[in-house]
Every structure is written in structure tokens, then in C-alpha cells.
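Novice: Fold the following and give me the result.
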Amino acid sequence: MGNLMLKLKRFLGNKNTITILCVVAGVAVLLIGYNYRVNQAVQPVNVPYALKRMEPKSKVEADNVGTIKVSGAFVEQTEDLITSKQYILNNEWYVNYDTVIPEGGLFYKTQLVLKEDIPDTAFDDIDEGATIFSLSVDSHSTYGNSIMPGNFIDLYLKATDENGKVIFGKFIESIKVLSVRDSSGNDVFADSQVVRNSGELLFAVKDDLFMLLSEASFVGGIDIVPVPRNAAYRNEGDTENGTQVSKQELVDYILEKVSELSDDIDVSTAVTGDNISQTPNAPTGN
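Specialist: Predicted structure coming up:
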């Protein structure tokens, strides 16, 4: 036994032996790592997929989500791919407003949004004291349908005064677009496979701005023109000042052409459905 241990020590103490062992160990590590990577690449992975076509803004139902095996290499190279069925089922996901998921299609994170993030559902959560205003537009005035939900834009006013001179200036700045509809009320960006032209832009504005915009739209000869700006402005608007009137002269021009109604109501003289028959001159029906 002692001779065996002595021979082993001499064997391990030989520099050539150590070199050979290190080379063998290095090769073994490389082979193991290579085999692991190969197996990982060819090993199929279960990922969720759509059992049927899903339209924009539709809810992703549990019975419409199956699983399918795809190569591990594909999964590894696709960062946005959703690889867990539970990731979908644990939240109430909706298909994004500009996306269609085809039958058999895989799920990607950019395709799914929560309900509150769908542009149209923003109508349910508008601020207190705000009202939806619809501005009539066309594909030309929206710069070839380039104004999209979520964009911040400015509104300019164009008119001609009594002397025939053109009036043009920034009317309202930093106003957020909630939705873009066509002339039939369909969401212009709801389906990337269907080409629709912009017919109206929808905003949520404070009541005083709603009245001002409505009055401007009712006055003949006044046009409200949407004007987009750079990418930073489209995404954030005027974060310091927010939505506001830009020129008081334009407001005065509008107010000169409309009559203001009084908000005061004299309840004591109001005629209601309960006292019509008691009015002296009311017809009796005979």
C-alpha cells in the first residue's frame, strides 16, 4: 500500500503529468459546456399561443390560450416573447389597440396591455370636471393619419375677420389625444390590417375649454387646426403648464360672436310636470 501511494505521489508530481491532466480537464469542461448549449438550443420549450384570432382591444380569455413547443434557441433569441402561460392567465390582458394576434400566433409583451392602458377606456377615467370634445378632421389635417392616441398636440385657430384679413394663431396648447376615429366611429388604429382615414380626434378637456371649443366650432368661418410637434412634445406635452389657452385675443374673437346664457334659475317660477295642470292658462284637454 505504501509503495502504491509513493508511486502515485511521484506520478502527480511529474510536471508533464500535471500538464496532461489540465489539458484533459479543460477539454472536458469545453465538451460539457458545448453539449449543454446544444441541448439547450434544441430542447423544445412550452410557450403559450393563440387558439384563435384575437382582435384589437379584445380580452385574452383563458380558453383561447394553449401551449406549443418551440426550440429553445428561438426562445433565447426573442426577448419580447412570453414564455409562461401563467403570465397571461394571472392578469386581465387585452390585445393592444393597434394589434391583431392571428390564430396560432405566439404572444409578445408589446401585444398585450391592461384595460386601463387601452386608449378608448381612458374615457372611463377622465378627470372630474372634464368633458369629451370631438374635433372633426380628415387625413390631410392629421398629416396623413400621423396623429395617434396618446399624442400631445396644439390647436390653432383660423378665421377671416370682417375686413377680409386672415386670423391665424395658436389657440390651445398641450392637449392630449385620447382616440382617433374614422367617419363611422371606428378606431383608426384598431386593426393594422385595415386602412382607415381619420374623421375625428377626441379630447378630454375642462368644462370651460369644452364650452370655448364648442362655441368656436359652431361659429361659421372658424376652423380649428390640429398641429403636432416634435417627439418629446408628442409624448409629454407641456408638463409645466399643461393644457391652456394660448392667446386671449382669439378667445375674445370667439366670444364676440356668441351669446352667453345665464346659469341662474328662479325655482319659484319654474313650471314642472307636477304643476302644469294648475297653471291658469293651461289647456284642459276638453
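Novice: which SS state does residue 73 fall under?
Specialist: In three-state terms, and counting by DSSP: H, G, I helix; E, B strand; the rest coil, residue 73 is helix.
Novice: what's around it, how many residues?
Specialist: Using other CB atoms under 10 Å, residue 73 has 15 other residues around it. C-beta here means a position set from N, CA and C on the backbone, and glycine is covered the same way.
Novice: if I look at it, how far off is residue 44?
Specialist: Distance, residue 73 to residue 44, using CB to CB, to the nearest Å: 10 Å.
Novice: do residue 56 as well
Specialist: Computed as CB to CB, the residue 56 to residue 44 distance reads 31 Å.
Novice: And these two? Which one has more around it.
Specialist: More crowded of residue 56 and residue 44, by other CB under 10 Å: residue 56, with 22 against 12.
Novice: Could I get the contacting residues of the more buried one?
Specialist: 95-100, 187, 190-191 (CB atoms under 8 Å, 6 or more residues apart in numbering).
Novice: can you list the domains in the chain?
Specialist: Domain segmentation of the chain under automatic domain parsing yields 44-115, 120-255.
Novice: which residues of the protein fall in helices?
Specialist: 2-13, 15-42, 72-77, 85-89, 207-218, 231-236, 248-255 (DSSP state H).
Novice: Lowest mean pLDDT across the ones you listed, which one is that?
Specialist: Here these differ in mean pLDDT, and the lowest is helix 2-13 at a mean of 57.
Novice: and which of the contacts of residue 56 is nearest residue 150?
Specialist: residue 97 (9.8 Å; CB to CB).
Novice: which non-adjacent residue is nearest residue 82?
Specialist: residue 107 (4.2 Å; CB to CB, 6 or more residues apart in numbering).
Novice: Could you check how far that neighbour is from residue 84?
Specialist: 10 Å.
Novice: can you list residues touching both of the two?
Specialist: Between them, residue 107 and residue 84 share these contacting residues under CB under 8 Å, 6+ apart: residue 48.
Novice: When the two are compared, which one has more neighbours?
Specialist: Between residue 107 and residue 84, residue 107 has the larger neighbour count (other CB under 10 Å), namely 25 against 13.
Novice: Next up, the contacts around that one.
Specialist: 47-50, 65, 81-82, 88, 101.
Novice: what about 7 Å?
Specialist: Shown in contact with residue 107 (CB atoms under 7 Å, 6 or more residues apart in numbering): 48-49, 82, 88, 101.
Novice: Likewise for residue 250?
Specialist: 157, 169, 171.
Novice: could you redo the last one with a cut-off of 8 Å?
Specialist: Contact partners of residue 250, counting by CB under 8 Å, 6+ apart, are 157, 167, 169, 171.
Novice: Could you count how many residues lie near the closest residue in space to the first one that isn't next to it in sequence?
Specialist: Just to be clear, that refers to residue 157. In space, and not counting its chain neighbours, residue 157 is closest to residue 171: 4.0 Å by CB to CB, 6+ apart. For residue 171, the neighbour count with other CB under 10 Å is 25.
Novice: Residue 171 touches residue 155, doesn't it?
Specialist: Yes - applying CB atoms under 8 Å, one finds residue 171 in contact with residue 155, separated by 4.9 Å.
Novice: Low-confidence stretches in the stretch 151-286 of the chain?
Specialist: 191-193, 261-286 (pLDDT under 70).
Novice: any idea where the strands of it begin and end?
Specialist: 152-160, 166-181, 200-206, 223-227, 244-245 (DSSP state E, counting those that start in this stretch).
Novice: what's the offset of the second one from the middle of its chain?
Specialist: Meaning strand 166-181. Averaging C-alpha positions (CA atoms, centre = their mean, to the nearest Å) puts strand 166-181 19 Å from its chain's average.
Novice: What is it packed up against?
Specialist: Other elements packing on strand 166-181 under the criterion 3 or more CB pairs under 8 Å, 6 or more residues apart in numbering; DSSP states H and E are strand 152-160, strand 200-206, helix 207-218, strand 244-245, helix 248-255.
Novice: Nearest to residue 142 among these would be which one?
Specialist: strand 200-206 (7.3 Å).
Novice: Listing partners with orientation, what would you give for the closest one?
Specialist: strand 130-136 (antiparallel), strand 166-181 (antiparallel) (DSSP bridges).
Novice: For those strands, give me a markdown table that also has distance to residue 256.
Specialist: A markdown table is the format used below for the strands paired with strand 200-206 (distance: least, CB to CB, whole Å):
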| stretch | distance to residue 256 |
| --- | --- |
| strand 130-136 | 21 |
| strand 166-181 | 12 |
